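Participant: would you be able to build a 3D model of this:
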Amino acid sequence: MGWRVAGGGITKRIAIIVAGVASAFAFLPYGLNEMGWDVRLLLLANVPALAAGWSLARFTQLGTTFWVFVFTMATFVLTLVLLRGIPGVPFLQPVLVIYWGGMMLNLLLAVVGIGLSFPLGIALALGRRSHLQVVKLLCIVFIETFRGVPLITLLFMSQVLVPLAFPENFPLNSLFRAAIVITLFSSAYMAENIRGGLQSLHPGQAEAAQALGLPSWQTMLFISLPQAIRNVIPPIVGQFISLFKDTSLVYIIGMLDVVEIGRAFIQGNPEYLANAKELFIFLAVLFWIFTFTMSTVSRRIEHHLSIGKR
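Facilitator: Next up is the predicted model:
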């Protein structure tokens with residue numbers, strides 16, 4: 001977040017707000033049994049971490065965007081390492097997948113889904129335009145099947161039907177199955193977005209490339225595909241945002257995402273039923289921060305590429 005503070009703009013304000021809210025939680029009147037001092041100190045650590053990130057970003061030569069990407073990926077890898085545990089360290093024991101939950105679960109599913117559905121969607125879009133009838137038919141069946149079935153149904157099927165096709169002790173946990181379903185579901189929509197971008201291109205560009213002697217794969221890779229992706233950046237980012245919000249549907253298969261944890265808290269504490277709206281308003285704002293940030297990045301990319309101005 002500190003790198004975004006140095007970068008300025010709306011992301012600067014979002015980073016400061018997130019750090020401030022996290023630090024404020026350290027001063028809430030919880031008992032030590034509910035929130036120990038170790039958790040409070042971790043929440044307060046956002047303030048010096050924010051200052052350190054800002055200082056490093058101000059006094060280094062590389063841009064903030066580069067470091068935001070580097071530290072985001074490093075944080076993601078570090079989180080997975082800590083969840084796996086470190087042998088010999090008593091307070092860093094492995095955390096079973098069944099105990100993974102909260103916003104971390106939503107972000108994990110979103111990152112995996114976005115990272116895998118984009119290249120898979122490109123492959124499906126190219127396969128649907130292939131001259132090989134078998135490849136084309138398989139891609140059409142895949143795309144239309146996953147676009148025609150609700151995500152909740154697919155998630156439920158992944159938990160009920162998929163285990164029947166594998167041995168009893170096969171290492172295919174619920175998180176892995178959910179990530180696969182979300183990725184395949186999103187890739188079907190991504191393929192149609194990419195195909196729409198390819199169809200928007202003037203055929204004269206491919207003809208010019210062929211006149212220069214470029215083979216078909218180079219024409220697609222270096223001429224057609226970059227322009228197609230550029231033309232459909234808004235729907236691509238819209239699909240990413242939809243994927244992130246759809247991660248909250250994993251409650252249907254018993255996974256405790258951040259929304260399900262909030263709902264379970266209200267059900268387990270009837271005295272807070274009158275204040276349930278406050279919890280869900282907070283969750284709505286939390287999701288809005290992430291989705292608005294993605295929209296902001298999309299608009300900046302569009303502005304940088306002058307999309308819609310040519």
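
Participant: and the helices in the stretch 151-300 of the chain, which stretches?
Facilitator: 151-160, 174-199, 203-211, 216-219, 225-231, 233-246, 258-268, 276-305 (DSSP state H, counting those that start in this stretch).

Participant: summarise which helices and strands the fifth one is packed against.
Facilitator: Packing contacts for helix 225-231, counted by 3 or more CB pairs under 8 Å, 6 or more residues apart in numbering; DSSP states H and E, involve helix 174-199. Bear in mind the C-beta positions are built from the backbone N, C-alpha and C, glycine included.

Participant: mind listing what's buried in the helix it packs on?
Facilitator: 174-175, 177-195, 197-198 (16 or more other CB atoms under 10 Å).

Participant: against which helices or strands is it packed?
Facilitator: With contacts taken as 3+ CB pairs under 8 Å, 6+ apart, helix 174-199 sits against helix 103-128, helix 133-148, helix 151-160, helix 225-231, helix 233-246.

Participant: next, the angle from that helix to helix 133-148.
Facilitator: 120 degrees (axes from the mean of the first three to the mean of the last three CA atoms, to 10 degrees).

Participant: and helix 174-199, how far out from the chain middle?
Facilitator: Here helix 174-199 is found 12 Å from its chain centre; the criterion is CA atoms, centre = their mean, to the nearest Å.

Participant: same check, this time on stretch 158-177
Facilitator: Worked out by CA atoms, centre = their mean, stretch 158-177 lies 23 Å from the chain centre.

Participant: per-residue confidence averaged over that stretch?
Facilitator: What stretch 158-177 shows for mean pLDDT is 82.

Participant: quick one, phi psi at Leu96?
Facilitator: Dihedral pair for Leu96: phi -60, psi 150, per degrees, to the nearest 10.

Participant: and Tyr272, which of the helices and strands packed on helix 174-199 is closest to it?
Facilitator: For the helices and strands packed on helix 174-199, distance to Tyr272 was read as CB to CB. The smallest value, 19.8 Å, belongs to helix 103-128.
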